[in-house]
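Q: Predicted model and sequence follow; I will ask about them next.
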2 protein chains.
Amino acid sequence: MSSPLRLGIAGLGTVGVGVVRIVQSHATMLALRAGRPIRITAVCANSRKKKRGIDISDYAWEYDPVALARRDDVDVVIELMGGENGAAKALVEAALKNGKDVVTANKALLAHHGHALAALAENHQRSLRFEAAVAGGIPVIKALTEGLAGNRIQRVMGVMNGTCNYILTRMESAGLPYDTVFEEAGKLGFLEADPNLDVGGIDAGHKLSLLSAIAFGTKVDFDSVVLQGIGAVSIDDIKLARDMGYAIKLLGVAQMTGRGLEQRMTPCLVPETHPLGQLQGGTNMVVIEGDAVGQIVLRGAGAGEGPTASAVLGDVMDIARGLRLPTFGQPADTLAEAPAAVVSTGAPWYLRMVLLDKPGALAKIATILGDSGVSIDRLRQYQHEDAHAPVLIVTHKASSDDIALALERFADSGVMVGAPVALRIEEV
Amino acid sequence: MSSPLRLGIAGLGTVGVGVVRIVQSHATMLALRAGRPIRITAVCANSRKKKRGIDISDYAWEYDPVALARRDDVDVVIELMGGENGAAKALVEAALKNGKDVVTANKALLAHHGHALAALAENHQRSLRFEAAVAGGIPVIKALTEGLAGNRIQRVMGVMNGTCNYILTRMESAGLPYDTVFEEAGKLGFLEADPNLDVGGIDAGHKLSLLSAIAFGTKVDFDSVVLQGIGAVSIDDIKLARDMGYAIKLLGVAQMTGRGLEQRMTPCLVPETHPLGQLQGGTNMVVIEGDAVGQIVLRGAGAGEGPTASAVLGDVMDIARGLRLPTFGQPADTLAEAPAAVVSTGAPWYLRMVLLDKPGALAKIATILGDSGVSIDRLRQYQHEDAHAPVLIVTHKASSDDIALALERFADSGVMVGAPVALRIEEV
């Protein structure tokens, strides 16, 4: 059996503790599978005294992450501190420069600095791996980078923020408005310190940008992800969508189009019969479509101690077994600078609006849609309330440009009460 | 860029043609991702003249697979001939002995000779890889062997024969009996030359035995897989199961128990709300449960040119990138000889029977169940027909032994018309 692989863990929160537990409890199994022992030699966190329910007395202790990255008795640095800049970035850079491999769960760091860090890793002939950064325990980075490497990827989709999916499915099952469920989620500890990271789609957008880079061989480009949170999704929309056979999900979609790379993280309608539509609670799902393989669906826990630690260990085991791959599946200097698609691919849209109950109002709306190049597939006008007529329209395929144009004209139509709701129906 | 990886392909049926198509059409992409060109240098099949819709004029031709395995210009032999013995086995052995890596889609070969071939590969420090042998395009071997390598696996389940799932879901959607749909499937070309490989559960059983070996670190033991085909599943059972919220699937289950390794490929009831219960048509699904990761669900096409070729290419790309792993995730000589579990773990059971419509018949059945250690959770007696009373029972958790005992006693009870149907309800 070869020499042990020595781990230095920076960050002993939930995930760090999970990694320590696995390495300690499964030592024999891991050694058998890796062909060499996996050992923790040093750890680093803010407080040495904090009760964590694990025994770390055998490990060297560092208060300074960069000192951890410089230790001679560490082969792999596991970065579990979080944060897109600052200490985490300094640690990863120091580790790579000191010839250590790096495993991280930090999606924000990679969404912002992934390309530079990948290049740094490759220059130092080290691995920088991040299975745990996307969709928790689901081995999606591996599936995309390795298992499906023979495919030209056509589209990647995903429900990758468990909190948002919990909120949306709970709104429906309990018939509660967004604000109430949002509060509940906060009390249950499901929300990040800055809840906009969750409900604003930022966290899920980070993850999508990493999948895009692998799928399409492009530089990570988080800034071009079209982000729309779930705050504007009402219980009415959820119910009306369900009546028509759809579920509303915060869905990430990335695809390469003739007009550039399209990356969206927005609330969408998906068919309730598709696995995406059936996804309940905090579970994550990633859908990968390749030209040879067709559609692959991966489902599992997107967060939590065990699932995230499982993903970290997957990367550690690869390193222990000698697998060396460029971070995004091809050398960083070959990743393309893809222009962001300004207009999204065509899709049917769900439009909900309230019209003034006066003659010709519906005709006006229909005319505006036609003039904007949007044709109507289905239309329902509901029973009037207070001289207001709720109207629901499902369009035929339309570009986001045409929909935007129609929405602009609606605003000037003089027949509309409030702003209309427009949600894309993603065809899966 | 490094030297090209040179492929020799044995077998130019559907999958072989698919592999050639990908290598030819995606050469640049594959080279970028692998860090070296992927080239086909030689092919081997029965007929050189057959129209295949691909240009193979640049490749050396061999009629003898073993000659292919001996060529100096071949680094990797791709075995797509099929068959558990004979030419395929001779080819794989010759290739490994001649220092070639091997990629195969041959589940029957590995189910019967996997352990010996894995040992041979490891003795020659070569790779023997088989992603395409299990669940088509789903990268499940990779997920289990690598991505989830930090987990002690608790259970692996799968719907891994698309033909059986097609037949079962088609029976339900069209309300047709088994025999009619079986004939349809034959006409559509969905059945193997020996249809018992499909509907008898043998093909799916082969696949399950391979997953078991990786999951539990045991020698492949196909002979211990409890096999039961779908021929005995009636449209009545499908409908009654649905009424109670279940779907019937040919489900493979492998788990390590205190009494040995349990491997079953049998028709089971699964909750219609679980992804397994929702699986329609020829699609495959594998469910992996690990102590850290929880439940991971993988879904995709289980057969066909593109999906299977995608899996072959995944293995080829791993070899091109220098990944070297023991075939079953740990050295062959460390795989344990696990005793097969004689009694399955406890589960609720679905029992359907027809009773003679005479006083005390139901009481007799209930008494037999109680005496056999099986308690009743739900019982329905349906309207009588012809002095026969159809009865449906869902039991509480019972072992397969206790159920077998009850069935034996039913046969001697004198109140039963025909044989009862007993299907396990797999708790997922």
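A: Sure, I can see it. Because the structure is a prediction, the values reported are computed rather than measured.
Q: Phi, psi for the residue in the stretch 301-428 of chain A that chain B sits nearest to please.
A: Ranked by CB to the nearest CB, the top residue of the stretch 301-428 of chain A for proximity to chain B is A:L313, at 2.5 Å. No exception for glycine: its C-beta is placed from N, CA and C like everyone else's. A:L313 adopts backbone torsions of phi -60, psi -30, taken as degrees, to the nearest 10.
Q: pretty sure it contacts B:A292?
A: Yes: using CB atoms under 8 Å, A:L313 is in contact with B:A292, at 7.3 Å.
Q: Of these two, which one has the most company?
A: Applying other CB atoms under 10 Å in any protein chain shown to A:L313 and B:A292 shows that A:L313 carries more neighbours, namely 29 against 26.
Q: For that one, list the residues it contacts.
A: A:19, A:22-23, A:30, B:149-151, B:292 (CB atoms under 8 Å, 6 or more residues apart in numbering or on different chains).
Q: Report the buried residues of stretch A:416-428.
A: A:416-417, A:420-426, A:428 (16 or more other CB atoms under 10 Å in any protein chain shown).
Q: Now intersect these with the helices, please.
A: Secondary structure from DSSP state H places none of the buried residues of stretch A:416-428 in helices.
Q: Which pair of those spans the longest distance?
A: Farthest pair in the buried residues of stretch A:416-428 (CB to CB) is A:V417 and A:V428. Separation: 32.9 Å.
Q: How about the secondary structure of the residue located most distally from the centre of chain A?
A: Within chain A, the residue lying farthest from the chain centre (CA atoms, centre = their mean) is A:P359, at 45.9 Å. Three-state assignment for A:P359 (DSSP: H, G, I helix; E, B strand; the rest coil): coil.
Q: where's it relative to A:M244, distance?
A: 28 Å (CB to CB, to the nearest Å).
Q: What of A:L148?
A: 33 Å.
Q: which of the two has more neighbours?
A: Between A:L148 and A:M244, A:L148 has the larger neighbour count (other CB under 10 Å), namely 30 against 15.
Q: So that one sits against B:G314, correct?
A: Yes: when contacts are counted by CB under 8 Å, A:L148 is listed as touching B:G314 (6.5 Å).
Q: got any residues that touch both of the two?
A: B:P139.
Q: now A:V77, what's its secondary structure?
A: strand.
Q: and the closest residue to it other than its chain neighbours, what does it touch?
A: Spatial nearest neighbour of A:V77, excluding adjacent residues (CB to CB, 6 or more residues apart in numbering or on different chains): A:A95 at 3.9 Å. Neighbour list for A:A95: A:69, A:77, A:79, A:101-102 [criterion: CB under 8 Å, 6+ apart].
Q: and which of these is nearest chain B?
A: For these, the nearest to chain B is A:D101 (15.3 Å; CB to the nearest CB).
Q: burial measure for that closest one, as a count.
A: 26.
Q: And it, what's its pLDDT?
A: A:D101 is assigned 98 on the pLDDT scale.
Q: got it, and A:A232?
A: In this model, A:A232 carries a pLDDT of 89.
Q: Which of the three states applies to it?
A: Reduced to three states by three-state DSSP, A:A232 is coil.
Q: any chance you could map the helices in the stretch 201-350 of chain A?
A: Secondary structure of the stretch 201-350 of chain A (DSSP state H, counting those that start in this stretch): helices at A:202-216, A:235-243, A:275-278, A:305-320.
Q: Dump the ones you listed to CSV, plus mean pLDDT.
A: Conversion of the helices of the stretch 201-350 of chain A to CSV gives the following (pLDDT from 0 to 100):
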stretch, mean pLDDT
helix A:202-216, 98
helix A:235-243, 94
helix A:275-278, 97
helix A:305-320, 98
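Q: Is it possible to get TSV of those that adds distance to B:G302?
A: Below are these laid out as TSV (distance: least, CB to CB, whole Å):
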stretch	distance to B:G302
helix A:202-216	23
helix A:235-243	31
helix A:275-278	15
helix A:305-320	24
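Q: Show the pLDDT at the residue nearest to A:A133 when sequence neighbours are not counted.
A: Leaving aside its sequence neighbours, A:A133 sits nearest to A:K107 (CB to CB, 6+ apart; 4.1 Å). A:K107 carries a pLDDT value of 97.
Q: which residues does A:K107 contact?
A: With CB under 8 Å, 6+ apart, A:K107 has these contacts: A:130, A:133-134, A:203, A:206-207, A:210.
Q: My read is that A:P331 contacts B:G35, right?
A: Yes: with contact defined as CB under 8 Å, A:P331 reaches B:G35; the gap is 7.4 Å.
Q: Could you check which of the two has the larger neighbour count?
A: B:G35 (19 against 16).
Q: Hmm, B:L5 and that one touching each other?
A: No: using CB under 8 Å, B:G35 makes no contact with B:L5, being 9.9 Å away.
Q: Pull up the overlap in contacts between the two.
A: B:A320.
Q: What parts of the stretch 301-428 of chain A come near chain B?
A: A:301, A:304, A:306-307, A:309-314, A:316-318, A:321-326, A:329-331, A:334 (CB under 8 Å from any CB of the partner chain).
Q: Just the buried ones among those, please.
A: With burial judged by 16+ other CB under 10 Å, the buried subset of these is A:301, A:304, A:306-307, A:309-314, A:316-318, A:321, A:323-326, A:329-331.
Q: which ones are touching the closest residue to A:R321 other than its chain neighbours?
A: Leaving aside its sequence neighbours, A:R321 sits nearest to A:A34 (CB to CB, 6+ apart; 5.7 Å). Taking CB under 8 Å, 6+ apart as the criterion, A:A34 is in contact with A:5, A:317, A:320-321, B:149.
Q: farthest pair in the residues you listed?
A: A:L5 and B:A149 (12.7 Å).
Q: out of these two, which sits in the more crowded spot?
A: The neighbour count for A:L5 versus B:A149, taken as other CB under 10 Å, is higher for B:A149 (29 against 22).
Q: That one: helix or strand, and which one exactly?
A: Secondary structure assignment for B:A149, by DSSP states H and E: no helix or strand.
Q: Low-confidence regions, chain A specifically.
A: A:1 (pLDDT under 70).
Q: Count the neighbours of the closest residue in space to A:D75 that isn't next to it in sequence for me.
A: Among residues not flanking A:D75 along the chain, A:R6 sits closest, at 4.7 Å (CB to CB, 6+ apart). Using other CB under 10 Å, the number of residues around A:R6 comes to 18.
Q: what does the helix or strand harbouring A:R6 contact?
A: Under the criterion of DSSP H and E, A:R6 resides in strand A:5-10. Applying CB under 8 Å, 6+ apart, the contact partners of strand A:5-10 are A:16, A:19-20, A:23, A:34, A:36-45, A:62, A:65, A:68-69, A:71, A:73-81, A:91, A:100, A:316, A:319-320.
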